[in-house]
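Peer 1: Just to be clear, the model below is a prediction. Sequence and coordinates:
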Amino acid sequence: MSKKSNQVIVEFDASEKTTLIGFLSRNIYELIIYRYALYNFINTNLSSRYRRSTIGFFWSLLNPLFTMVIMAIVFSSLYNLPFTQFSLYLFSGLLPWNLITTSLINGSVSLITAEAYLKKVYIPKILFPLTSLGVEITNFLFSLISLFLLSIFLGAGFSISLLFLPLALLILSLYLFGLTLLISIVTIYFRDLTHILQIMLLGLFYFTPVLYQVDMLSDNLREMIKFNPFYYFINIFHLIIYESKIPSINEWLPCIVFAIISAFLGIIVFQKKESDIIYRL
Amino acid sequence: MNAFIQLEKISVKFRIYHNPNPSLKDTFVNWFMGNKKLDDYRDFYALDEVTLQINSGDRVGIVGLNGAGKSTLLKTISGIYRPHQGKIKIRGKVTPLMELGAGFDPEQTGRKNILLYGALLGFSPSIMKDKEKEIEEFSELGDFLDLPVKYYSSGMFGRLAFSIATMTEPEILMIDEVFSTGDGHFVEKSTNRIQKMVEESSILVVVSHNISHIRKLCNRVIYLDKGNILGDGSPEIVLEQYHQKILSIN
């Protein structure tokens, strides 16, 4: 080990600004080296969530399922809609929405809670927002399985549009990746951001068609909702899972644009502030 | 092996804020009330233009009073702190031996924690699996290795941490006050192992308040005070200088 690593050369000059290319190549290189650490962080985080329960990780399947069944019963009777139809609509929007809120809220504290690691060993800082995102994506995949089990039970068939689900998840993940990086940094400077975020996301939840359908809204509201970036992402999931339609390019495009802008913004902010984090914890 | 560490005019600056937990609410209220005081900070130089060359074969002991910048210097070399000024050039893999057990997950078994700890240092599970036997033997934890770490006594915890942290063959070894863990038997064993690591490494940098350890391990001593190097040279001369300083304070 030591023979090989004698090549390790660190060169650092405080007067040189880190370039974006330099930042990206260093982080990709470090992620390859520290991939086990990332895997372990995600793994321990997930297993500690459902520890001490006899059926263990099945809770990660059952818990969201039961929550959604209750919501589906309540709202389908409120709206006078058939349960099977409305539940599929509700689930296909609620799952990605849960992914959005949990990864943003957990991502916002990801660097602060990693203080013990960051102050004691050298470890790439990007691992921590990535961990919270990874945990939530894995959770999303678990819930997705339960959604499919349920939809088979409810009599829904397999449609070709489902093949586009990985692409939708990929674009949403990229969007959340950028936002998580951004929020994890901003929370260091404003510690109460997590609380503000929780309230904002609750407000946004009612401003995103998850509990209701867009055509239930008045024309004015329908125009306003187009300013909500999350609407476009939820819409894609509704189309693919609920309506069994392959989204058209006009529906994909806003998501892709939002994802690229967010990833770009997150990376820029992280690059600028990364080395300042340790002094602010 | 020709490992080296070069520091050129390195400064590490800490900012001490009046308000260490800034919030959006405070910022907004301050801005609204025209109150600047909470945003106030003062700069504090933990390292002040430190220039240092450490070559292969150097066993460097760092001494100084509390707050002299000793640990900051080690953490800067490890890459934890990014200096605000100056240049660093290092050849060789830096292995820090600081704050035992930093990366442990108390809910996981000792065996699992071997993998976790290794991953934090950038080692793959297959490398750590190879080392597992060795760690098991050295730590003498036996069946306890299959229990969650939270059930360990603090001595056992320290033994496991030490055994994992010292299983690598370091090129540049950095030690920050981690000499005694466990019972008398283990202390002796760990001292021997540190001695062996020191012999195998090409550079050693050690921070300690224990002068006899420094005398035993080092062939060069650096005396830090308020972020400046006051003395650098053979242990006899610099330790004497440090000793005089302590006497003058008392």
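Peer 2: Everything's here; your move. Residues are numbered from 1 along each chain as shown, chains lettered A, B, ... in the order given.

Peer 1: and stretch B:40-47, anywhere near chain A?
Peer 2: No - Stretch B:40-47 is not in contact with chain A by Cβ under 8 Å from any Cβ of the partner chain; minimum separation 10.2 Å. From N, CA and C alone the C-beta is placed, and that goes for glycine too.

Peer 1: in that stretch, what's buried?
Peer 2: By neighbour count with 16 or more other Cβ atoms under 10 Å in any protein chain shown, stretch B:40-47 contains the buried residues B:Tyr45, B:Ala46, B:Leu47.

Peer 1: Next, format the residues you listed as CSV and append pLDDT.
Peer 2: As requested, the buried residues of stretch B:40-47 are exported to CSV (pLDDT from 0 to 100):
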residue, pLDDT
B:Tyr45, 88
B:Ala46, 89
B:Leu47, 90
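
Peer 1: So what does B:Gln85 have for phi and psi?
Peer 2: phi -160, psi 150 (degrees, to the nearest 10).

Peer 1: and the longest helix along chain B, how far from the chain's centre?
Peer 2: Across chain B, the helix with the greatest residue count (assigned by DSSP state H) is helix B:184-200. Computed by Cα atoms, centre = their mean, to the nearest Å, the chain-centroid distance of helix B:184-200 equals 17 Å.

Peer 1: Next: stretch A:227-247.
Peer 2: 16 Å.

Peer 1: mind listing what's buried in it?
Peer 2: Quick answer for stretch A:227-247 (16+ other Cβ under 10 Å): A:229-242, A:247.

Peer 1: Where does B:Gly173 fall, secondary structure wise?
Peer 2: Let me fix one detail, which is that residue B:173 is Leu and not Gly. strand B:172-176 (DSSP states H and E).

Peer 1: Sheet partners, orientation included, of that strand?
Peer 2: When pairing is defined by DSSP bridges, strand B:172-176 lines up against strand B:94-97 (parallel), strand B:203-207 (parallel).

Peer 1: what's the first one in contact with?
Peer 2: If I follow you right, that is strand B:94-97. For strand B:94-97, the external contacting residues (Cβ atoms under 8 Å, 6 or more residues apart in numbering or on different chains) are A:8, A:10, A:121-122, B:74, B:77-79, B:121, B:165-166, B:168, B:170-176, B:178, B:201.

Peer 1: Comparing the strands paired with strand B:172-176, which comes out most buried?
Peer 2: Ranked by mean neighbour count, the strands paired with strand B:172-176 are led by strand B:203-207 with a mean of 26 (mean count of other Cβ atoms under 10 Å in any protein chain shown).

Peer 1: what does the helix or strand following that strand contact?
Peer 2: As assigned by DSSP H and E, the chain's next helix or strand after strand B:203-207 is helix B:211-217. Here helix B:211-217 makes contact (Cβ under 8 Å, 6+ apart) with B:59, B:61, B:63, B:179, B:194-195, B:198, B:204, B:206, B:208, B:221, B:235, B:239, B:243.

Peer 1: Of those residues, which count as buried by neighbour count?
Peer 2: Neighbour counting over the contacts of helix B:211-217 (16+ other Cβ under 10 Å) leaves B:Arg59, B:Gly61, B:Val63, B:Ile194, B:Val198, B:Leu204, B:Val206, B:Ser208, B:Val221, B:Pro235, B:Leu239 as the buried ones.

Peer 1: From chain A, how far off is the first one?
Peer 2: Spelled out, it's B:Arg59. 17 Å (Cβ to the nearest Cβ, to the nearest Å).

Peer 1: Phi and psi next, for that residue.
Peer 2: phi -120, psi 100.

Peer 1: from what I can see it touches B:Val221, true?
Peer 2: No - counting by Cβ atoms under 8 Å, B:Arg59 does not reach B:Val221; the two are 9.6 Å apart.

Peer 1: related to what we said a few turns ago, would you turn the buried residues of stretch B:40-47 into a markdown table with secondary structure and distance to A:Leu81?
Peer 2: Converted to a markdown table, the buried residues of stretch B:40-47 look like this (DSSP: H, G, I helix; E, B strand; the rest coil; distance: Cβ to Cβ, whole Å):
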| residue | secondary structure | distance to A:Leu81 |
| --- | --- | --- |
| B:Tyr45 | strand | 67 |
| B:Ala46 | strand | 64 |
| B:Leu47 | strand | 67 |
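
Peer 1: closest to chain A among those?
Peer 2: For the buried residues of stretch B:40-47, the closest approach to chain A (Cβ to the nearest Cβ) belongs to B:Ala46, at 10.2 Å.

Peer 1: Contact partners for the closest one?
Peer 2: Neighbours of B:Ala46 in contact, by Cβ under 8 Å, 6+ apart: B:Val12, B:Lys13, B:Phe14, B:Gly69, B:Thr72, B:Gly227.

Peer 1: Farthest-apart pair in those residues, please.
Peer 2: B:Lys13 and B:Gly69 (11.3 Å; Cβ to Cβ).

Peer 1: These two: which is more packed in?
Peer 2: A direct count of neighbours by other Cβ atoms under 10 Å in any protein chain shown for B:Lys13 and B:Gly69 places B:Gly69 higher, at 23 against 16.

Peer 1: all strands for chain A, in order.
Peer 2: Here chain A has its strands, by DSSP state E, at A:9-13.

Peer 1: picking that back up, show residues contacting the strand holding B:Leu173.
Peer 2: Here strand B:172-176 has contacts from B:3, B:5, B:70-71, B:74, B:77-78, B:90, B:92-99, B:194, B:197-198, B:201-208, using Cβ under 8 Å, 6+ apart.

Peer 1: CA atoms only for that strand - export them in CSV, please.
Peer 2: C-alpha atoms of strand B:172-176 as CSV (Å, rounded to 0.1, in the frame of the first residue of the first chain):
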residue,chain,number,x,y,z
ILE,B,172,3.6,10.4,6.9
LEU,B,173,2.3,9.6,10.3
MET,B,174,0.6,12.3,12.4
ILE,B,175,-0.1,11.7,16.1
ASP,B,176,-2.1,14.0,18.3
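
Peer 1: list the buried ones in stretch A:166-174?
Peer 2: Quick answer for stretch A:166-174 (16+ other Cβ under 10 Å): A:Ala168, A:Leu169, A:Ile171, A:Leu172, A:Ser173, A:Leu174.

Peer 1: For that stretch, list the C-alpha coordinates in CSV.
Peer 2: What follows is stretch A:166-174, C-alpha atoms only, in CSV (Å, rounded to 0.1, in the frame of the first residue of the first chain):
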residue,chain,number,x,y,z
PRO,A,166,-36.0,5.6,-14.5
LEU,A,167,-35.4,8.7,-16.8
ALA,A,168,-37.9,10.7,-14.8
LEU,A,169,-36.2,9.7,-11.5
LEU,A,170,-32.8,10.5,-13.0
ILE,A,171,-33.9,14.0,-13.9
LEU,A,172,-35.6,14.6,-10.6
SER,A,173,-32.4,13.3,-8.8
LEU,A,174,-30.2,15.7,-10.7
